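> quick check, what structure comes out for this input:
(chains A and B)
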Amino acid sequence: MAKVLYIDFERCIGCRACMIGCEECSGHDHLSRMFVDELYPGETVATSPTPCMHCATPACAESCPVQAISVLDGVVLSASHEKCIGCKNCTYACPFGIPRVDETRNLMYKCDLCYDRTSKGRPPMCVSVCPTDTILFLDEEEARHKRNKPVQYVWDFGGTTIETRTVIGIPDKQTHKFGYH
Amino acid sequence: MQQHSQNADFSQRPYEPITREGESLVATHCAFCGMQCGMNIRVDNETMSVLGVEPRYDFPMNGGRLCPKGVSAYRQAEHMERLLKPLIRKNGVLTESSWDEAYDLIVSKIKELQAKHGKDTIGLYSGSSMTNEKCYIMGKFARIGLGTKHIDYNGRYCMSAAATGFNQTVGIDRGSTGPWSDIKFADVLLIAGSNTAECHPLSMPYVWGARDRGAKLIVVDPRQTKTALVADIHLDIRPGTDIALTNGILHVMINEGMVDRAFIDEHTVGYEALEEMTRKYDPATVSEITGVASEKIVEAARLFGRAKNGFVLFARGIEQHSSGSDTVSNYVNLCLTTGKVGRKGAGFATFTGQGNGQGGREHGQKADQLPGYRKIYDPAARAHVASVWGVDESEIPGPGISAYEMLKVLGEEIKMLFLVCSNPMVSAPSVGDVGEYLKKLDFFVCIDMFLSESAELADVVLPSTVWVEDNGTTTNVEGRVIHIKGIDRTPGESKRDWKIVCEIAERLGRGQYFQFNSAEEIFNELRAASKGGIADYSGITYDKIDRMNGVFWPCPSEEHEGTPRLFEDLRFNFPDGKARLLAFEHTGPNEKVDAQYPIILTTGRVVFHYLSGNQTRRIEALRKLCPDPYVEMHPNMAAKHGIGNGEMVKISSRRGSIFVPAKVTQAIREDSLFVPYHWGKQLAINHLTNPALDPKSKIPEFKVCAVKIEKAKKGEIPNGESAVH
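Purely as a prediction, here's the structure:
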C-alpha cells in the first residue's frame, strides 16, 4: 500500500531539523524542500512544517509549459533537469507555495518524498530525522482514518477543491488547549 | 545488531541505514547535548572526508531521529575555520608555529612558573563535552602530570547543582534514576526549568509516548516554551522562586493526604521537618511569591499527588540559581514523598546539557574528585587511585576550587592556565570581568578546534580534533555509557586532546604515567580507577557497549549487565538506605529587582545552538536560522517602554549592558526578559548575569538577575549588528 506523509501540527517544535535533514537526501543537491512556519508569531510559539502536499491533481504539473513535472506512484516529483526552464509557473500555481527555483541553475526543485530513500524502503529524510514524530510516513488509509484526532486532506481554495495525499492531523482548535486557534 | 532487553521500550525503528558506493558509515553519536543520539557519519573511503549524515535507526535512544544540531553536526568536520597548526602569540599576533616550538614554550613556562610560585600556580579549566577518556586524562594530567590541585571544569556551570542536590538527597549522582524509556510509562510528568523541546528535542518522543498513554503534563517555566505549549498545566513561574513553588505543591499534597506515609516511614528520614517547613506555604502565599495562580498550584499538586506513577524532570532553569542544589532536592522531594521512584514510570532526572555532562562529572576533572566519583579527601579513595596510577598517595594534591573561583584568582594564585574544550568568554557569568581575569595571566594555553572567543586571548592555541575524529565513550543523560566511534584521521597538524596532554607530560618528565596509544587503553585504566567507586565502570568494555547499545553504570564486573534503573530495592545510597527529605526556606535570588533595576532577566538556549556556540555558530545552516541573540519581551512591557517588535533595546545590569533586537511575544511573563546566551563579545548576555554562586555546588546564578531596559538611541549601538560572524 502506498505510504504518505502525515503531519501532526501539535508536536512540531519548530526546530527545522526536517529542513536541514532534507538537504541530506542523496537526490536533493543539498537544497532543502521543506518549509516550517510560525503560526501565530508574537502570540504563541506554535509552528508547523509544510512539505509538498502531493495533490491528487497537481496544479504545478498542470501549469508546467514543458511538462517537466511528472507524477510517479502518486508522488509529485521534482522538475526534470532536462526539461525545466525555470519559469516559476509551478510556484505561482501551487496553492501551498511549495516549488522553489534554484536561481543559479534556473531549475525548479521540490519535495519528491525522498525518492532516493523511499524507493529503497526507507522513510523520507524529514520523517527519519523529525525529533518529535511530527512528520510520519504511514499507509495512506491509516493516515486518513486511524489517527486519534481529526484529519484533513481535502482543501477548499475559494471554491476549488484540492485533495492531497499528504494528510494533516488537525490540532485541538475548540478548546484552544495547545495554543492553536 | 543484537538488542538487549533493557532497550525494549525505547524508540528504535526497523530500518537499516542506506549505504552508498565508495562510502563507509561510522556508527557513532551526536556531539551535542546529553541525549547523545545515535547517528551514522558518511565517510569517503578514499579521502576519509566527512560527507554527510545517515540516520542510525536502530539506536534505542533516538531511533535515527535528530534535531537540527544533530543533522548538521558533521559540517564542522570539514569546516574552513578549523585550526590545523599550533598558534603562538608573536608580537601580539597568534602565528602558525610548529608543535616543537609550542611544546618547548609551554614546558619552559610551566617549569619557570612552578619553580617561582609552586606547583599549584598552574590551573586546568576543562570541559564536559569531551569523552570520558579525555575527561579522565585531564584529571590525571592536572594531579600527577602538572602536580597542581587546580582543576575544575565547565560542568560547574551546568550540572553541579543537580549533582549536589542528588548527593545530599539520595546519596548518588546519576542524572536519571531510570532509563529514558521509563518516561513513557509515567501517569504524570512534571517538567521544571527545562525547555525540553528545544534543548533536548529527542526527549519529546518519550514525553509524547507518555501523553499517548494518557499521561498529564505539568510544565514549570517563566516562558511559554514549545514544551509548555502542549502542557495540561503551565505554571508560569517568576524566575528564582522554585523552592516556594515546590513547597506549595508539597503543602497541598500533605494537606490533602496525597503523600505516601508508608513509603516515607520506611524509606526516608526528615519528613517531620519538611512537613513543618511547608506548612506556611499555602497556595495563596505561594501564588504571591511565584506569580502563579493558586488554583493552578492546587491543580498541579493534585495531578501529581494522585498519580500512581510519575516522573519529575528538570534542567538548568531550576539549577542555575544561588539555591540551585536545594531547589533540586526540593523537586526530588515531590517524588520521595509520594513514593514515585525505583520502578518503570516513576523517578526523577536532570537533563544533561553537555554531550558528556554525566561522565564528565564522574572521573576526576572536578576540583574535589577522583575517578569513579570518589572524593579526593577520602584516604581510601586516594590510596586506590594512587595504586592504579602507580604513584605515592602523597603525590596526589588535595581539593582545588570551583571553575568561577578559579577564574577569579587568575594572575594571583593561578599564573598559568590550560583551557581545554571550554569557552568561558561566552559561558561564564559576568564575562566582562572574566576577560580582565584572563588578561592578568602570565601564560595562557588553549586547546580547541576553532579559535573561540577565549582562545583569541591565549598565548598558545593548540589545534585539537573534532569529536568524530577520535574513539571514546561518553555517558548520556540516562547514565548509559556509549561508544563514540571515530574516523582515523587528524586533519592538518591537529592532535587529539588526550595525545596533546600525554606529550606535554612526557616533556615534563612524567611520561611514564601517560603511556597511552589509544582511547581504549585510557578507558581500560579508567575502568580500574573507577572500580569500587560510586560510578563503577569496571565491567564496561568497548565490545560490551557495542553489543548492548550502551551499558548503564554502575557495572561492577564483566558479567554484570549494568544498572538501567536505580533504587529498585528502594534502598538509597546512605548507610541506612534511607533518602534524606531535606526542608528548605524560600529565600529568592541573590540579586532581587529594585527601583533602579526593576526587571528580571533570565537566559537560556535555543534549539539551533549548543553551549557557547563555538561550533554551531560556524555551521551555516544553523547560523542562518538563528544568527544573533534577541530579547523576548511581553507586549505590555514593550508598550510601557515604547519598544516595537524588532527595535533595538539596551538592557543593562549592574555588571554590563547589551544591545539586542526585541522579539515582542506573549510567550513570556510580563515581569521578565529572556535572552539566549550562545554569543560572545558585545553579543554576550553573560556580560549582565550575576556571578553569585550557590554555596553548596558553586553553580553561578545565570537564570535570574536584575536589569533595566530602554529603547536604544541612534548611534549608540556598537558596530551596528553582529560582530561575531
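
> and the strand of greatest length in chain A, what does it pack against?
Residue-count comparison of every strand in chain A, with assignments taken from DSSP state E, identifies strand A:160-169 as the longest. Contact partners of strand A:160-169 among helices and strands, from 3 or more C-beta pairs under 8 Å, 6 or more residues apart in numbering or on different chains; DSSP states H and E: strand A:3-8, helix A:140-145, strand A:151-157. In this view, the C-beta of every residue, glycine as well, is placed from N, C-alpha and C.

> the nearest residue to A:Arg122 once chain neighbours are set aside and A:Val129, how far apart?
Nearest residue to A:Arg122 in three dimensions, chain neighbours excluded: B:Tyr15, at 5.3 Å (C-beta to C-beta, 6 or more residues apart in numbering or on different chains). Computed as C-beta to C-beta, to the nearest Å, the B:Tyr15 to A:Val129 distance reads 13 Å.

> neighbour count winner among those two?
The neighbour count for B:Tyr15 versus A:Val129, taken as other C-beta atoms under 10 Å in any protein chain shown, is higher for A:Val129 (29 against 18).

> now that one. Its backbone dihedrals?
As for A:Val129, its main-chain torsions (degrees, to the nearest 10) stand at phi -90, psi -20.

> then the longest strand of chain A to CSV, C-alphas only?
Included here for strand A:160-169 are C-alpha records, laid out as CSV according to Å, rounded to 0.1, in the frame of the first residue of the first chain:
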residue,chain,number,x,y,z
THR,A,160,-11.6,25.0,-5.9
THR,A,161,-11.4,21.7,-4.0
ILE,A,162,-8.0,20.1,-3.8
GLU,A,163,-7.3,16.6,-2.5
THR,A,164,-3.9,15.9,-1.2
ARG,A,165,-2.0,12.7,-0.4
THR,A,166,-0.3,14.4,2.5
VAL,A,167,-2.6,14.2,5.5
ILE,A,168,-2.7,16.9,8.2
GLY,A,169,-3.7,16.0,11.8
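
> buried ones in it, by neighbour count?
Buried positions in strand A:160-169, judged by neighbour count with 16 or more other C-beta atoms under 10 Å in any protein chain shown: A:162, A:164-169.

> do stretch B:307-323 as well
For stretch B:307-323, the neighbour count (16+ other C-beta under 10 Å) marks B:307, B:309-323 as buried.

> now look at the helix or strand hosting B:Trp208 and say if it contacts chain A.
B:Trp208 is located in helix B:204-212, with elements delineated by DSSP states H and E. Yes - applying C-beta under 8 Å from any C-beta of the partner chain, one finds helix B:204-212 touching chain A at B:204-205, B:208, B:212.

> for the longest helix that chain B contains, packing partners?
Counting residues, the longest helix in chain B under DSSP state H turns out to be helix B:99-117. For helix B:99-117, the elements it packs on are strand B:87-90, strand B:122-126, strand B:416-420, strand B:443-448, strand B:460-463, helix B:497-507, judged by 3+ C-beta pairs under 8 Å, 6+ apart.

> avg pLDDT for it?
Regarding helix B:99-117, the rounded mean pLDDT is 98.

> list the buried ones in that helix?
Of the residues in helix B:99-117, those buried by neighbour count under the rule 16+ other C-beta under 10 Å are B:102-103, B:105-107, B:109-110, B:113-114, B:117.

> chain A: which of those residues is nearest?
Taking C-beta to the nearest C-beta as the measure, B:Ala102 is the one of the buried residues of helix B:99-117 closest to chain A, at 36.7 Å.

> look up how far chain A lies from the closest residue to that closest one other than its chain neighbours.
The shortest distance from B:Ala102 to any residue other than its chain neighbours is 4.0 Å, reached at B:Pro86 (C-beta to C-beta, 6+ apart). Spatial separation of B:Pro86 from chain A under the definition C-beta to the nearest C-beta, to the nearest Å is 33 Å.

> I'd assumed B:Asp100 was in contact with B:Pro86.
No - checked against C-beta atoms under 8 Å, the pair B:Pro86 and B:Asp100 is beyond contact range at 9.3 Å.

> residue boundaries of the strands in the stretch 201-350 of chain B?
Counting by DSSP state E, counting those that start in this stretch, the stretch 201-350 of chain B forms strands over residues B:216-220, B:233-235, B:268-269, B:310-314, B:347-350, given from the N-terminal end onward.
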